[in-house]
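[1] with the input below, show me the fold.
(chains A and B)
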Protein chains: 2
Amino acid sequence: MKNCFEVLKRCKNKNARAGRIVTAHGIVNTPVFIPVGTQGTVKTLSPKELEEAGVEIVLSNTYYLFLRPGVEIIEKAGGLHKFMGWDRPIITDSGGYQVFSLADLRKITQEGVEFQSHIDGARHFLSPEKIIEIQVSLGSDIIMCFDECTPYPCERDYAQQSMELTLEWARRCRKEFDERTSSPNPQCLFGIVQGGMHKDLRKRSAEETMGIGFEGYAIGGLSVGESQDLRNEVLEFTTPLLPENRPRYLMGVGQPREIWEAVEKGIDMFDCAMPTRNARNGQVLTSTGKVVIKNAQYKDDFGPLDPECQCYTCRHFSRAYLCHLFRAGEILALRLNTLHNIHYMVKLFEQIRQAIEEDRYDQAKREFLRKWHNESS
Amino acid sequence: MKNCFEVLKRCKNKNARAGRIVTAHGIVNTPVFIPVGTQGTVKTLSPKELEEAGVEIVLSNTYYLFLRPGVEIIEKAGGLHKFMGWDRPIITDSGGYQVFSLADLRKITQEGVEFQSHIDGARHFLSPEKIIEIQVSLGSDIIMCFDECTPYPCERDYAQQSMELTLEWARRCRKEFDERTSSPNPQCLFGIVQGGMHKDLRKRSAEETMGIGFEGYAIGGLSVGESQDLRNEVLEFTTPLLPENRPRYLMGVGQPREIWEAVEKGIDMFDCAMPTRNARNGQVLTSTGKVVIKNAQYKDDFGPLDPECQCYTCRHFSRAYLCHLFRAGEILALRLNTLHNIHYMVKLFEQIRQAIEEDRYDQAKREFLRKWHNESS
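    Numbers count the residues shown, from 1 in each chain, chains lettered A, B, ... in the order given. Prediction:
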């Protein structure tokens, strides 16, 4: 087991840290926001735009790519980086979340999951070994173990049983990964801590997962419908259980307020579809809060989305134009909103990293939240 | 009446010519293809992408902009160029085509047209004077007269009556334009020759329209359902009736084969939604003909859309990736296809202008059609 992670700076009196993950496709500065590129593209954006916005890593979904276009095609293309024209790091999820939330008629056994594709109803079987094989073939820089993500609320018995299954699968993933890849393998394998909202289960999951040993550790099973207080409690409890010298990845969380909370608990990585999905629904992130650009009040507002933003959208177009494009159903609206939101997230994390480096996290967080609160609902 | 047009080179033995139109927002080299930006954007593309592709002028639709966002908002934004972030020339159509094809419950009188919006059913009245007022306010570089575009087939009586109405409206448009705009006005006003498929009506329409006097002349009422042979016949008859020293604009035609035919008859300007609309339907233009990228045969085709093309799409992505994106319903597919098709049209016209300048139009046309024919259906 190698170390792809380096902590460069720790906050005084906080668990927040700035660091970097080194991959075969370049360096990822942490804390980092990872845009979601479900089907081999961050929706509406080109790789060039992502690079220009300063995006250092994207996430792609194994489940989707497995079903369409299929792994064979991406392998023939020379891997996912070449297929999608993106030469910076890629993380792929395990598909667990999608199998359990999207697929039909799934049947879970110790061996793996049998399910029907949500696209064409075709039957498939995925095991921990198969999931690793797929991600290795795709050429992902960071590979995630196959896990079961339990819903909320969830009976304790089921949460425990599911957590034990995830542990067993993690062992098999580690084994498959190590056997399948020659040493030194530039790819990294991350384990996922589950256990629902139960602290003892989280503790066991964290300890056993660390016992197996991974290049990084994710906290899964949060942001599944629980309250923010409960999420914070589980996060506050679980994060310190994870090793200091490995990246910690909070899956599926991406609201600015939550990010500030999680970074100070020691989280390094975030992925979330919110910034891109909301952009396509006409909701943009600005320095003073969220703006619903389709609202009538913006029809004749000739200022930029965010006066503090220097993205292509804010430099060239008014709220009035973006409001018009959205109402007229123009694809350019979705592009320009998405570009802005991604730019916003990149800048937010630059701000967070700078605050850590300059040891003024509390102050920076307070300033951010004061402004953010002003106009947001 | 001023002259915004200059012929730089005439083909020997052909009516094809290379020239340029000078506007307040820059020069347009002719023959030129004008991408359609119906609602204040060429669908899916940013102004930056259009500029990088070499687009020198775009068309926007008065009818659409009048209904949404409304002229007042665009005026407040400082005109259409500022509103859409495009500082090169803009031509606006008169809205006639849309009023007669899209609007509901239209009532045509000598005075103008009363109709209901296809968006919200609101009642509106547009007259030649109002149409000019709108286009002047938008700040279009080239303004079109309000005309009635007759369908095909069309009774001779109706075609004649309609053509006379268009003539009367042209006189009122010229008057309104001249009164409304201080001299020297950098905007240009183009007349439209109608008359359906009837040569004598076309002749009268051309003569009378020229009698009024415009900065350029469009041939309208073609590409409305007639055969290509009939269109060619009308075009061959009508084009030479128009003055040599003014730009000639064939409205709504944009198939590569037809463009080669029309340029050699003396046409300088074309607009057509085909390249952008087809791109969004998964059909792209290549040096060997049209390619339906969604077809299964491209699933594992790792070559570019067109090996001869140097656009962003062709330099970075394979047919397999574009096929995947399209089948997966990704917006990036529509963007990349559109960018390619616009690039294709720009390059096609560069080829055409070069052939005129080097006096080898016939040869260039033959070469083009031989290759185009090879793989297209």
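[2] got the residues of chain A near chain B?
    Within chain A, the residues that sit near chain B (CB under 8 Å from any CB of the partner chain) are A:39-41, A:43-48, A:64, A:68-69, A:73, A:76-77, A:83-85, A:299-300, A:302, A:312, A:316-318, A:320-321, A:323-325, A:327-328, A:330-332, A:334-336. All C-beta atoms are positioned from the backbone trio N, CA, C, and that covers glycine.
[3] so where's the stretch 51-200 of chain A uncertain?
    Scanning the stretch 51-200 of chain A for pLDDT under 70 picks out A:182-183.
[4] report the mean per-residue pLDDT for the particular helix or strand that has residue A:229 in it.
    Per DSSP states H and E: residue A:229 is located in helix A:228-238. Helix A:228-238 comes out with an average pLDDT of 96.
[5] show me what counts as buried in it.
    Within helix A:228-238, the residues that count as buried by 16 or more other CB atoms under 10 Å in any protein chain shown are A:231-232, A:234-235, A:238.
[6] need the contact list for the residue in the stretch 101-250 of chain A positioned nearest to chain B.
    Going by CB to the nearest CB, chain B is nearest to residue A:119 of the stretch 101-250 of chain A, at 9.1 Å. Shown in contact with residue A:119 (CB atoms under 8 Å, 6 or more residues apart in numbering or on different chains): A:67-68.
[7] that's a helix at it, yeah?
    No. If the criterion is DSSP: H, G, I helix; E, B strand; the rest coil, then residue A:119 is coil and not within a helix.
[8] so which of the residues of chain A next to chain B sit within helices?
    Counting by DSSP state H, the part of the residues of chain A next to chain B found in helices is A:47-48, A:64, A:73, A:76, A:83-84, A:312, A:316, A:320-321, A:323-325, A:327, A:331-332, A:334-336.
[9] report the buried members of these.
    Buried by 16+ other CB under 10 Å: A:47, A:64, A:73, A:76, A:83-84, A:312, A:316, A:320-321, A:323-325, A:327, A:331-332, A:334-336, out of these.
[10] pick out the residue nearest the middle of chain A.
    residue A:271 (1.7 Å; CA atoms, centre = their mean).
[11] without its sequence neighbours, what residue ends up closest to that one?
    residue A:34 (4.0 Å; CB to CB, 6 or more residues apart in numbering or on different chains).
[12] burial count for the one you found?
    24 (other CB atoms under 10 Å in any protein chain shown).
[13] what do you get for residue A:70?
    14.
[14] same question, residue A:337
    Residues lying near residue A:337 (other CB under 10 Å) number 29.
[15] and what of the one 10 residues further on?
    Residues lying near residue A:347 (other CB under 10 Å) number 19.
[16] and residue A:106, by the same measure?
    Number of residues near residue A:106 (other CB under 10 Å) recorded here: 15.
[17] does it belong to a helix, a strand or coil?
    Following three-state DSSP, residue A:106 is assigned to strand.
[18] name the nearest residue to it, ignoring sequence neighbours.
    Nearest to residue A:106 is residue A:115, by CB to CB, 6+ apart, at 4.0 Å.
[19] any figure for the gap between that neighbour and residue A:96?
    Distance, residue A:115 to residue A:96, by CB to CB, to the nearest Å: 11 Å.
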